[in-house]
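Participant: next input, structure requested:
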Amino acid sequence: MRKWYVLSIFFLALTGSCSKAKLDQINTDPSKLTENNYDPNSLLAQAQLKYANLGYYQLLYQSTMMQLLASTYYYYNNGDKYINVGSFTDYQGRIFDEGYKDASYIREMQRLARLKDQATYKNLIAIGDIMFVLILQRITDTYGDVPYTQALKAMQGIKYPVYDRQEAIYNQMLNDLDTAIAQLDAGQPGPTADLFYKGDITKWQKFGYSLMLRIAMRLTKVNPEKARIWTEKAAGKTFDSISDNAILTTDASSFNSQNGTSLALRTFSDYLEVRWSKTLIDQLKITNDPRLSVIGEVPKDGLAKNADQNLNGNTDPAAQLGMPNGYDLQGGATDISQSPNYPDGTGSGSDFAPLGKYSRPRTAVYLKLGGPIFILSYAETEFLLAEAKVRAWNINGTAKLHYANGLTGAIQSLAQLDPLAAVDANKITTFVNQNPLDESNTQSALNAINTQYWVATGTNFNFIEAWLNWKRSDYPKLVPINYKGNVTNATIPRRMIYLSTEVLNNPQNYKDAVARITGGDVLTTRVWWDK
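Facilitator: Here you go, the predicted model:
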């Protein structure tokens with residue numbers, strides 16, 4: 001793995017700082033830090049912030065791969081059209097690279113906590129194990145076999161960690177998570193720099209079981225019996241409402257474009273070239289979904305006005321128009337002007353002008369430096385429980401009830417993005433009642449549940465999770481893009497390629513892992529649970 005794995009992470013803790021002054025005790029004076037006076041709580045905040053703040057990388061790939069967003073701009077061809085543009089393949093390894101850095105904060109936090117007073121920091125240490133599982137699940141779900149048991153153990157002399165098989169990683173994650181949840185004690189002090197729950201141990205217990213549910217349900221293709229056992233263990237102890245949603249709220253006043261501590265996902269410039277996908281907008285229109293009136297807006301015509309972040313667009317549901325994926329601005333057969341129902345009269349004189357009639361994410365809701373990042377939501381857990389019930393597992397409540405709870409929670413959660421995205425309660429109730437889950441056909445029910453999971457994660461800008469659950473469930477049934485020069489034989493990518501520097505920094509273990517991948521280290525191969 002990368003060279004920094006063989007160094008003491010404590011050096012990073014002593015020399016690193018963050019400009020987000022309002023994010024609970026992150027800033028410190030590195031010249032006065034030692035192992036004895038450094039507060040390990042600060043490293044929890046660092047890990048949470050970095051784990052959540054991965055928005056730009058999922059904007060490049062998962063957002064458009066999942067046909068939640070679309071773009072004509074070459075910069076987003078990687079995800080929108082499955083093209084490896086220039087050196088952008090390096091971005092495919094960012095979840096690997098950034099993820100292990102995040103995990104390193106957690107392991108150092110735990111080391112310092114044990115060094116100071118293991119009893120006092122009991123909950124912090126247990127939360128560290130939950131965070132480690134959260135981080136590593138995203139890494140292994142993205143790439144497959146990755147280091148787990150030997151990861152981040154340079155101080156114990158392990159410079160070149162072995163890549164564990166994903167099946168073994170899943171077994172270990174479930175056991176580690178089970179142990180960590182059991183160690184949580186609401187009667188003991190909680191963490192003091194917790195950006196998810198402000199030290200609320202009861203909410204961390206619910207989070208742990210909700211994460212357990214998600215991990216268990218990833219196994220439905222490859223080991224449904226194990227998925228059932230662990231799902232039934234978690235059921236009844238997961239999130240109760242949207243008040244339990246794991247959300248990290250960023251701080252606009254701390255924006256610093258030089259060191260990257262802003263919320264990259266909500267920087268307006270990145271969104272000039274993307275729009276809501278036709279696939280998503282059509283799904284919302286078909287069902288008369290009330291989210292259509294709060295998530296999108298049609299901007300004013302022309303580049304100058306289109307680029308004005310403060311100029312609100314038209315939010316009328318009838319005016320919303322999704323952009324089809326797979327088009328460009330090159331003037332040929334795949335030029336956006338050749339797409340069906342292309343809106344004429346969108347202006348001229350700029351590459352951005354053709355985008356003027358398509359629906360963009362509403363600026364006041366999504367495109368801001370300070371705002372919430374969704375980590376794990378009540379809606380997701382309820383949809384997974386609905387699926388478990390459809391599979392006839394021993395879960396309290398009916399599939400229809402869990403589905404209704406998920407749909408209600410997904411729409412309600414938009415208000416947590418911004419009050420402007422709040423949907424009237426009566427409209428939510430009417431919509432949910434008009435769209436009950438039909439349990440008479442198993443495949444139809446699975447389609448409905450996981451399509452709504454896709455809508456929920458997509459409209460909360462949790463594009464990575466939308467992709468991962470799509471791989472697991474195979475719903476919704478997306479039509480792949482067949483764009484000239486694509487590198488996937490016109491199929492939606494099933495994984496990302498490993499970090500390119502691994503071949504230099506951990507060569508033998510990297511080669512061993514690649515040798516186990518049928519088809520090699522490419523976008524089209526599948527991780528173990530994605531059969």
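
Participant: so where's the stretch 151-300 of the chain shaky on pLDDT?
Facilitator: Applying pLDDT under 70 to the stretch 151-300 of the chain picks out residues 253-269.

Participant: can you do 90?
Facilitator: Along the stretch 151-300 of the chain, segments meeting pLDDT under 90 span 249-273, 298-300.

Participant: now the strands: where do they sit in it?
Facilitator: Taking DSSP state E, counting those that start in this stretch as the test, the strands found in the stretch 151-300 of the chain are 163-164, 246-249, 274-276, 296-297.

Participant: so which of those strands comes closest to residue 525?
Facilitator: Closest approach to residue 525 among the strands of the stretch 151-300 of the chain (CB to CB): strand 163-164, 14.6 Å. Glycine gets a C-beta too; all of them are placed from N, C-alpha and C.

Participant: contacts only, for residue 340.
Facilitator: residue 324 (CB atoms under 8 Å, 6 or more residues apart in numbering).

Participant: in a markdown table, list the strands of the stretch 151-300 of the chain along with distance to residue 50 and mean neighbour count.
Facilitator: Output for those, formatted as a markdown table (distance: least, CB to CB, whole Å; neighbours: other CB atoms under 10 Å):
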| stretch | distance to residue 50 | mean neighbour count |
| --- | --- | --- |
| strand 163-164 | 22 | 24 |
| strand 246-249 | 10 | 20 |
| strand 274-276 | 24 | 26 |
| strand 296-297 | 30 | 26 |
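
Participant: got those as CSV, with distance to residue 339 columns?
Facilitator: Below are the strands of the stretch 151-300 of the chain laid out as CSV (distance: least, CB to CB, whole Å):
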stretch, distance to residue 339
strand 163-164, 43
strand 246-249, 36
strand 274-276, 12
strand 296-297, 18
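
Participant: residue 42: which of these is closest?
Facilitator: For residue 42, the closest of the strands of the stretch 151-300 of the chain is strand 246-249, at 15.3 Å, according to CB to CB.

Participant: show me how far the closest one is from its chain's centre.
Facilitator: Relative to the centre of its chain, strand 246-249 is centred 12 Å away, using CA atoms, centre = their mean, to the nearest Å.

Participant: export it as CSV, just CAs?
Facilitator: This file holds the C-alpha atoms of strand 246-249, laid out as CSV (Å, rounded to 0.1, in the frame of the first residue of the first chain):
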residue,chain,number,x,y,z
ALA,A,246,-26.6,10.1,10.3
ILE,A,247,-25.8,13.6,8.8
LEU,A,248,-22.7,15.7,8.9
THR,A,249,-23.3,19.4,8.5
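
Participant: what helices and strands are in contact with that strand?
Facilitator: Packing contacts for strand 246-249, counted by 3 or more CB pairs under 8 Å, 6 or more residues apart in numbering; DSSP states H and E, involve helix 41-52, strand 372-376.

Participant: which of these is buried the deepest?
Facilitator: helix 41-52 (a mean of 25; mean count of other CB atoms under 10 Å).

Participant: that one: what's the following helix or strand?
Facilitator: helix 55-60 (DSSP states H and E).

Participant: after that next one, which helix or strand is next?
Facilitator: Sequence-wise, the next helix or strand downstream of helix 55-60 (DSSP H and E) is helix 62-65.

Participant: contacts for that next one, please.
Facilitator: 69-71, 76, 79-80, 82, 274, 277, 325, 458, 461, 463-464, 466-467, 492-493.
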